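*Asks:* okay, sequence plus prediction incoming.
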Amino acid sequence: MLSKESFISGMTLLKKGYIGWQFDMNDDEQIGVWYMALKGLSDKQFDNVIAEYYAHNSNPPKCARDLTVVLVDKVVSNAKIKPESALDYVREIVSKRGGWLYEGRQEIYSDLKRYPALSETVKEFEGELRNMTTDDTYTADRFRRAYEIKLRANAIRQVDTALGLTMPDEKKLLPGFLPYEQ
């Protein structure tokens, strides 16, 4: 858990690094809101996030979520199956399992189970993948982009869960709690 000393030190560094940043170090409520969003990080993780954010962004963060995007980017960049090679990986599995027919389909999804974003993308594109030719760059590009989106969404969920930023299960919420509920 993030120590308050490390948090104040990191926020002070951001305040000094981004001239004119509208973060008020004397506003306890503002500090509390940012701290609540980031308290799931360790001191070392927070220091790394601050350094990474400062190194790659010329604008100050507008909210705590801007700082967590650094973590999401790291999760995405550390994915075992990169978007550029995802389709080749799927083709290899399909070939190894003897195609989409009979037991092959179940085995393909069994192999993909450990890669949720890729498995979701394959399910979405299964019909197109079955009939896809090797030189179909249009479908290949759509597949890659869809996988990138799902990979990023899964990374956001992972980071949010690790930081304790996830919404509670809707079934556990009191009726009428969400604005769109009747």
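*Replies:* Structure's in. What do you need?
*Asks:* Ala162: what's it in contact with?
*Replies:* Gly40, Leu71 (CB atoms under 8 Å, 6 or more residues apart in numbering). For glycine as for every other residue, the C-beta is placed from the backbone atoms N, C-alpha and C.
*Asks:* which residues touch the spatially closest residue to His56 that is not a sequence neighbour?
*Replies:* Closest residue to His56 apart from its sequence neighbours, by CB to CB, 6 or more residues apart in numbering: Val70 at 7.5 Å. Going by CB under 8 Å, 6+ apart, Val70 touches Val49, Glu52, Tyr53, His56.
*Asks:* look up how far Ser3 lies from Ile47.
*Replies:* Slight slip there: residue 47 is Asp, not Ile. 11 Å (CB to CB, to the nearest Å).
*Asks:* those two: which has the busier surroundings?
*Replies:* Counted by other CB atoms under 10 Å, Asp47 and Ser3 do not tie: Asp47 has more neighbours, with 16 against 12.
*Asks:* which strands and helices sit next to the helix or strand where the more buried one lies?
*Replies:* Using DSSP states H and E, the element containing Asp47 is helix 43-56. Using 3 or more CB pairs under 8 Å, 6 or more residues apart in numbering; DSSP states H and E, the elements in contact with helix 43-56 are helix 4-17, helix 64-77.
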